[in-house]
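Student: return a 3D structure for these sequence lines:
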Amino acid sequence: MSKEIQVLFLDDEESIIDGIQRLFIREPYDVFATTKVAEARAALTKYKIKVVVSDYRMPDISGIHFLREVKEQYPDTVKILFTGYTDFSAAEEAINVGEVYRFISKPWKTTELLSTIRQCIEHYDLLLRAKTKEEELELSNKKLKAMYEVQKEFTSTVSHELRTPLASIKTAIDLVVRKMVGEITPEQSEVLGRAKKNVDRLKRLIDDILDLTKMESGKLQMNFMVNNINNVIKETVESQKDVATSRGLYLKFELDENLPPVPIDTDRITQVMNNLLNNAIKFTKKGGITIATVNKTEGNHILVSVKDTGRGIAASGMSRVFEKFQQIESAEKNEEGGTGLGLAICRQIIERHGGKIWVESKEGEGTIFSFILPIQERRETKI
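Tutor: From the prediction side, this is the model:
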């Protein structure tokens, strides 16, 4: 069975070519040895050459320039330069121009030459495996990205299609509950109340999915205007005051009155504050919520925090708080439900502002959600 030719030798001395062919006869691979550049070029085309060894001084072309040809056409091939001369400038040129892997001086030691060629073949095989793995990984990443894009498009389309019938169902339930189409019994009112609650929850889920899908794809338009975030916070808290009061919770401010105006999308920051306040009220049974702002001009940002006296978050769940479809508490414990998207949306909004959001909590001792917004614009522009 013939061996595969993996090594090419180019040298202008016939005696060296004959010696090379005899030297490698017991190796598990074969060599192609020639004194002619044309034959060497043809061999590179015909065989899968892993290692090329060229003499430095050739009559038709220098070994360095031949190896440069090899580098340009077969960049993965390992290149070695034979030389019987001590020429440091030639060595430098060989490294820079031909990307030579090793130098072998004439006359060579048989064991050294055989060992060097084996090492070079192993080097080639390792690089080839690494390159194959990298290409496979890149292909897998492309497939995953394509699948993710399809999933996002599907999610967006389905969510849009659900909005219209859901709006009709919600309107119909509202009309019946408000007795606009006739009297209903207390039992019917209770059942419809539960249905309305679930319809409202489904609507919030659809709205959140659409928001998050647009944000992740960069398609959500942001309307940035300079505003005082203290005013936004006060308006948001005012809308949540009745809910907190009905639960016996306090809502108080610790707002920095020297806060500079910052560029924000007011509607989206309101959405963030509503999400944080909703969570704080939902998971706080006694005590209350404190909303604070701090001017951090020296760091080019303002700090906003929402601190509650609730049950806190278990250490095991802290790392997942801002992930999609992650509930702060399990569905069994969370009697009020939620979409699991609110905090993921908050992170997207704050990051689109060029800011950062994080959480600090200790189980049984409450939770603080904080975010910073830049005073001078540094947000990433989305197309």
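Student: drop to CA atoms for contacts and neighbour counts, all remaining ones
Tutor: Noted.
Student: which element is the residue of the chain positioned farthest from its centre on?
Tutor: Computed with C-alpha atoms, centre = their mean, the residue of the chain farthest from its C-alpha average is residue 15, at 58.8 Å. With elements taken from DSSP states H and E, the one containing residue 15 is helix 14-23.
Student: name the helices or strands packed onto that helix?
Tutor: In terms of contacts (3 or more C-alpha pairs under 8 Å, 6 or more residues apart in numbering; DSSP states H and E), helix 14-23 is packed against strand 30-34.
Student: okay, now the sheet partners of the strand it packs on, with direction.
Tutor: strand 5-10 (parallel) (DSSP bridges).
Student: run the angle between the partner strand and helix 14-23 for me.
Tutor: Orientation check (axes from the mean of the first three to the mean of the last three C-alpha atoms, to 10 degrees): strand 5-10 against helix 14-23 gives 160 degrees.
Student: let me see the mean pLDDT of strand 5-10.
Tutor: Mean pLDDT, strand 5-10: 94.
Student: go on, stretch 203-216?
Tutor: 74.
Student: in whatever helix or strand residue 44 lives in, which residues are buried?
Tutor: Element membership for residue 44 (DSSP H and E) is helix 37-46. Buried positions in helix 37-46, judged by neighbour count with 16 or more other C-alpha atoms under 10 Å: 37, 40, 43-44.
Student: what is it packed up against?
Tutor: By 3+ C-alpha pairs under 8 Å, 6+ apart, helix 37-46 packs against strand 5-10, strand 30-34.
Student: same list (those) but as TSV, adding mean neighbour count.
Tutor: Listed next are the helices and strands packed on helix 37-46 as TSV, based on neighbours: other C-alpha atoms under 10 Å:
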stretch	mean neighbour count
strand 5-10	22
strand 30-34	21
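Student: after the helix or strand bottoming out on mean pLDDT in the chain, next one along is what?
Tutor: The least trusted helix or strand in the chain, going by mean pLDDT, DSSP states H and E, turns out to be helix 88-98, with a mean of 55. Scanning forward in sequence from helix 88-98 by DSSP H and E, the next helix or strand is strand 102-105.
Student: name the helices or strands packed onto that next one?
Tutor: Strand 102-105 packs on strand 78-83, going by 3+ C-alpha pairs under 8 Å, 6+ apart.
Student: quick one: average confidence on the strand it packs on?
Tutor: 86.
Student: cool, and stretch 288-299?
Tutor: Per-residue pLDDT values across stretch 288-299 average out to 92.
Student: same check, this time on stretch 100-108
Tutor: Averaged over stretch 100-108, pLDDT sits at 80.
Student: just give me how far it sits from the chain centre.
Tutor: Mean-position distance between stretch 100-108 and its chain equals 45 Å (C-alpha atoms, centre = their mean, to the nearest Å).
Student: what of stretch 46-63?
Tutor: The answer for stretch 46-63 is 44 Å, by C-alpha atoms, centre = their mean.
Student: which SS class is the nearest residue in space to residue 177 that is not next to it in sequence?
Tutor: The shortest distance from residue 177 to any non-neighbouring residue, by C-alpha to C-alpha, 6 or more residues apart in numbering, is to residue 189 (6.1 Å). Secondary structure, DSSP: H, G, I helix; E, B strand; the rest coil: residue 189 is helix.
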